[in-house]
Structures are given as structure tokens and as C-alpha cells.
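K.L.:
everything below, folded, please.
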Amino acid sequence: MKATVTLAMAMATALFTLAGCGSAEDVDTNAASAPAATVLTSDAIEVTGDTGLYTYGDGGAKTQIRFPVTTQRADPVLYHDVRRLGESDGVVVVLDSYGSRNGGERCANGRESWVRLFSIAKKRMTDAVLAESCLDRREAGEPPVTWEGNGFTVNARESRRFVIVNGKAKSTEAPR
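P.N.:
Predicted coordinates:
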């Protein structure tokens, strides 16, 4: 904590002096109340072969979770993007999108996207929902997935709403 305050004081001194906002003597009273720098939450997924490695960082702590990736369908070399959607019921929810493997006439330059649920406490992927698939001709809207408090909606011609229950994505639609 002392190092954080000292760093904050040094930064405040430089900023006050450069901006002409006051003297160096004024810095001590302002720096003591300056908030400590924190490491923001981050999400990353690296793929090696058929294995994904999800990395969750929060406040300096880092958790890594291995999970299977269907590389017969998805090619992370073509395209790969990870976006956090939200958190609910102790689960981090991300949208994990890849370029589609070439499916001939059916699919070229498409995407394969999954909503993945990771339990940080249990250190495992608890669920995955296919959101978009060029190979299955499942088109998503824009944005493909939206977060709403305790769950998410996969946006498509027939949108599907899910809530997080016991670490799993549970559809709110009645079975047909």
C-alpha cells in the first residue's frame, strides 16, 4: 500500500507541476486520497491443437482453465475473438468466435461462435452454447449475443434466451 501511495504521490507531483495546478507541497494532501491502481478483469483464450486455454485475470490473481475446441469446424488461425458478455451465479460468460473451416459451397469466410461459461471457483468450463455457425447455416444477428443481468440472448431469426442456473445455460423457452 505504501508503494502505491508513493507512486501516486510521484505521479500527482508530475501532473500538478506540468499542468500548473499547484505546487509540490499541495500534492501530499491530494495523493493520500488518490485511489490505488487496480488490475482490471481480463479474458483471453489461446488455442493449441484441439485445446483452448481460458485465462481469467482479476486484481492480480490469474486462473487458467483448459477446455476442448472443435477445430474440425473452427480455425483460430483465420480469425479468433473473445469478448466477455457478463457474470452470473459464479460463472463468467464469454463469446468465443472463430473463422469457419472451409465447407465448400456451403461456407466460405464464415464464423463459428460459442457462448462459453467458465466457473472460476471450480476451474472448469461448465457449458457451451453454439451461437453462430456458417457450417450449420445458423446465422446470428448483430450483435450475435446480448447480455441481460442473469443470462443472455442469442440473436437470430428465432432468438433464444438463456439464464444461468447452477453454472449451466438454461433455455427459457418451453420444449417443443
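K.L.:
just want the most central residue of this protein.
P.N.:
The C-alpha lying nearest the average C-alpha coordinate of the chain belongs to residue 84 (C-alpha atoms, centre = their mean; 2.4 Å).
K.L.:
close enough to count as contact, it and residue 92?
P.N.:
Yes: assessed by C-beta atoms under 8 Å, residue 84 is found in contact with residue 92 at 6.9 Å. C-beta coordinates here come from the backbone N, C-alpha and C atoms, glycine included.
K.L.:
what about the residue nearest to the residue nearest to the centre of the chain when sequence neighbours are not counted, how many residues nearby?
P.N.:
Spatial nearest neighbour of residue 84, chain neighbours left out: residue 43 (4.9 Å); criterion: C-beta to C-beta, 6 or more residues apart in numbering. Neighbour count of residue 43, defined by other C-beta atoms under 10 Å: 19.
K.L.:
helix or strand: which one has residue 43?
P.N.:
Residue 43 is part of strand 42-48, with elements assigned from DSSP states H and E.
K.L.:
which helices and strands does that strand pack with?
P.N.:
strand 51-58, strand 74-88, strand 91-100 (3 or more C-beta pairs under 8 Å, 6 or more residues apart in numbering; DSSP states H and E).
K.L.:
contacts for it, please.
P.N.:
Applying C-beta atoms under 8 Å, 6 or more residues apart in numbering, the contact partners of strand 42-48 are 52-58, 69, 71, 76, 80, 82-84, 92, 94, 96.
K.L.:
which of the residues you listed count as buried?
P.N.:
52, 54, 56, 69, 71, 76, 80, 82, 92, 94, 96 (16 or more other C-beta atoms under 10 Å).
K.L.:
if I pick the last one, what's in contact with it?
P.N.:
Residues in contact with residue 96 (C-beta under 8 Å, 6+ apart) are 45, 52, 81, 82, 113, 114, 115, 116.
K.L.:
pLDDT for the residues you listed - can I get that in TSV?
P.N.:
Below are these laid out as TSV (pLDDT from 0 to 100):
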residue	pLDDT
45	93
52	94
81	93
82	94
113	94
114	95
115	96
116	96
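K.L.:
list buried residues within those.
P.N.:
Buried among the contacts of residue 96 (16+ other C-beta under 10 Å): 45, 52, 82, 113, 114, 115, 116.
K.L.:
residue 150 versus the second one, what's the distance?
P.N.:
Think residue 52. 25 Å (C-beta to C-beta, to the nearest Å).
K.L.:
what of the third one?
P.N.:
Applying C-beta to C-beta, one obtains 21 Å for the distance of residue 82 from residue 150.
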